[in-house]
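In: Quick one: sequence and predicted model below, then my questions.
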Amino acid sequence: MTAAVDNQSATPSLRQRLGRAGGRLRPGIGGFWRWWTQALASWLSPRLRTLFGLDHERVLLQLAGSELRLALERGDGVQDIAQLPWSAQEAARGDDLLASLLVPRVADMPRWLLLPASAGLRRRLAFPAAAAERLRDVVAFEIDRQTPFAAADVHFDARVVARSGDQIEAELVAVPRATLDAALASLGALGGTVAGVDMAGDDGAPLGINLLADARRHRRADPWRAWNWAFAALAVFALALAMWQLLANRRAAADAFADTANARARQARQVAVEKRQLVDLVEGMAFLQSTRAARPTTVEVLDELGRRLPDSTYLEKLSIEGDQILLIGQSSEASALVGQLESSKLWRSPALTGALQPDPRTHRDRFTMTAQLAIAATPGNGGKADARSQP
């Protein structure tokens, strides 16, 4: 067996010094936490990222004939660390060989099986950019068309290779189930400890995918999880208590200020109410006066009609509702009434409604006519006097 592990890899990280077996100091909070830690880690040096366990390191297991090659992948690349002779006897052993052969820091890292590039098929596909959020679900529908296998016969995953505007270029990677299952079986007991299965690219570097189904991925227990939740609950309780005390102090100060201000505010409100009532009364009277002055009176309308209607015309009904004038009567010159009434400034748009109905008794035509009162747009200007002037 040959091994090559540098001193930095053998140095336990701060996270491991505080809690063995991969314990974490923080409860996971999903994608935001991962994005935030990656953004912070990008500002740190490689040594500090390794110290704090932010370098996303993993151990790659690759079978090559009768050897099991071990490699350490981290931010600065992949480094070979060991080559073990591998046989059916070694695979049948139930204990964890790597835990006894590797330093604790490396032994506690996630383990991934790395398949050779010839183990599967790779296809480049183009999709809309929106498909990147659910890329694996999208490429599942392309397996039957892009590979000679059915979706149920392969383990697959996909990755985004390039982006261009509203399009992405993705790579579908598919490995037959028999091939992947045989590779896991050849690891024996180690097969149950792998967190994922990746495949090597043309240059031998991992593609950064995970072909292993979620149900078969090994997830290491976090012994600090209960303590993390307890510390988080204690922090939340302390924060809530401090905020409650601050709120109580501010509420007491606000109550004292409100008691002082209410006495003065009551007098001000009473004065404001009386002033508002007076203003409403004055404005209401002014509105009524301006509305009355802006529209012709009924007497003016009757006088204007009496002067404009011919003697052969008499009215049976005159109605003024709002700004609508309704005339019903009989006339021997009913068809000329519109022309005789349309030049008045007291109304506008006179028109006959319905057909003229001859009355055999009076030998006149019965008519129905409507018009709109001419109401001044701005009361108080010269328009009112003009509306009441003679034609």
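Out: Looks like it came in fine.

In: Could I get the pLDDT score of the closest residue to Ile325 other than its chain neighbours?
Out: Nearest residue to Ile325, sequence neighbours excluded (CB to CB, 6 or more residues apart in numbering): Ala371, at 4.4 Å. C-betas here are computed from N, CA, C, even on glycine. pLDDT for Ala371: 88.

In: Ala371 reaches Arg348, doesn't it?
Out: Yes - using CB atoms under 8 Å, Ala371 makes contact with Arg348 at a distance of 6.9 Å.

In: what about Ala71, which SS state?
Out: Three-state call for Ala71 (DSSP: H, G, I helix; E, B strand; the rest coil): strand.

In: Kindly tell me how buried it is, as a neighbour count.
Out: Residues lying near Ala71 (other CB atoms under 10 Å) number 20.

In: Going forward, the N-terminal residue is numbered 38.
Out: In the new count, where the first residue is 38, that last one comes out as Ala108.

In: Show me the beta-bridge partners of the closest residue to it other than its chain neighbours.
Out: Distance criterion CB to CB, 6+ apart; nearest residue to Ala108, sequence neighbours excluded, is Leu97 at 4.3 Å. As for beta bridges, Leu97 partners with Ala108, Trp149 under DSSP bridges.

In: what's near enough to touch Leu97?
Out: By CB atoms under 8 Å, 6 or more residues apart in numbering, the residues touching Leu97 are 106-110, 115, 149-151, 235, 243.

In: most surrounded residue in the residues you listed?
Out: That'd be Leu151 among these, by other CB under 10 Å, with 26 neighbours.

In: didn't it look like it was pressed against Arg95?
Out: No - contact criterion CB under 8 Å: Leu151 and Arg95 do not qualify, at 9.9 Å.

In: which residues do those two both contact?
Out: Common contacts of Leu151 and Arg95 (CB under 8 Å, 6+ apart): none found.

In: I'd like to know how far Ala291 sits from Leu278.
Out: As for Ala291, its distance to Leu278 is 20 Å (criterion: CB to CB, to the nearest Å).

In: what about Lys312, how many residues close to it?
Out: 10.

In: Tell me where the stretch 188-337 of the chain has strands.
Out: 191-201, 204-213, 231-236 (DSSP state E, counting those that start in this stretch).

In: surely Gln377 meets Arg344?
Out: No - Gln377 lies out of contact with Arg344 (CB under 8 Å); the separation is 10.0 Å.

In: between these two, who's got more neighbours?
Out: Gln377 (14 against 10).

In: mind checking pLDDT for the more buried one?
Out: So Gln377 comes in at 82 (pLDDT).

In: what do you get for Gln126?
Out: Listed pLDDT for Gln126 reads 68.

In: Let's have the strands of the stretch 188-337 of the chain in TSV, adding mean pLDDT and distance to Ala272.
Out: Shown next, in TSV, are the strands of the stretch 188-337 of the chain (pLDDT from 0 to 100; distance: least, CB to CB, whole Å):
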stretch	mean pLDDT	distance to Ala272
strand 191-201	90	37
strand 204-213	91	40
strand 231-236	88	30
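
In: looking at those, which is closest to Ala295?
Out: Using CB to CB as the measure, strand 191-201 is the one of the strands of the stretch 188-337 of the chain that comes nearest Ala295, at 57.8 Å.

In: List the buried residues for that closest one?
Out: 191-196 (16 or more other CB atoms under 10 Å).

In: Looking at the residues you listed, which two lie furthest apart in space?
Out: Once CB to CB is applied, the buried residues of strand 191-201 give Val191 and Arg196 as the farthest pair, at 15.9 Å.

In: which parts of stretch 173-184 are buried?
Out: By neighbour count on 16+ other CB under 10 Å, the buried set for stretch 173-184 is 175-176, 179-180, 183-184.

In: Give me the subset of the residues you listed lying in strands.
Out: Assigned to strands by DSSP state E, none of those qualify.

In: quick revisit: where does the residue nearest to Ala108 land on pLDDT?
Out: With respect to pLDDT, Leu97 scores 87.

In: what's the distance between it and Asp235?
Out: According to CB to CB, Leu97 and Asp235 sit 7 Å apart.

In: so what's in contact with the two at the same time?
Out: 149-151, 243.

In: Export those residues to TSV and append columns for distance to Val143 and pLDDT.
Out: Below are these laid out as TSV (distance: CB to CB, whole Å; pLDDT from 0 to 100):
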residue	distance to Val143	pLDDT
Trp149	13	87
Leu150	16	89
Leu151	16	89
Pro243	17	89
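
In: Tell me which two of those sit farthest apart.
Out: The span of the shared contacts of Leu97 and Asp235, defined through CB to CB, is set by Leu150 and Pro243 at 10.5 Å.

In: between the buried residues of stretch 173-184, which is nearest Leu158?
Out: Leu158 has its nearest neighbour among those in Thr184, at 5.3 Å by CB to CB.

In: which stretches of this protein form helices?
Out: In the chain, the helices defined using DSSP state H lie at 44-47, 51-55, 68-78, 83-88, 125-129, 134-138, 141-144, 172-176, 180-183, 214-224, 262-331, 335-345, 374-378, 420-424.

In: So for Leu158, which of these sits nearest?
Out: Nearest of the helices of the chain to Leu158, taken as CB to CB: helix 180-183 at 8.0 Å.

In: other SSEs contacting that closest one?
Out: Secondary-structure packing of helix 180-183 (3 or more CB pairs under 8 Å, 6 or more residues apart in numbering; DSSP states H and E): strand 204-213.

In: The strand it packs on pairs with which strands, parallel or anti?
Out: Within its sheet, and counting by DSSP bridges, strand 204-213 is paired with strand 158-165 (antiparallel), strand 191-201 (antiparallel).

In: how about those in JSON lines, adding distance to Thr334?
Out: Shown next, in JSON lines, are those (distance: least, CB to CB, whole Å):
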{"stretch": "strand 158-165", "distance to Thr334": "72"}
{"stretch": "strand 191-201", "distance to Thr334": "78"}
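
In: sorry, back to before: closest to Ala300 out of the buried residues of stretch 173-184?
Out: The closest of the buried residues of stretch 173-184 to Ala300 turns out to be Val175 (CB to CB; 69.1 Å).

In: Would you quantify the distance from that closest one to Asp235?
Out: Val175 sits 21 Å away from Asp235, taking CB to CB as the criterion.
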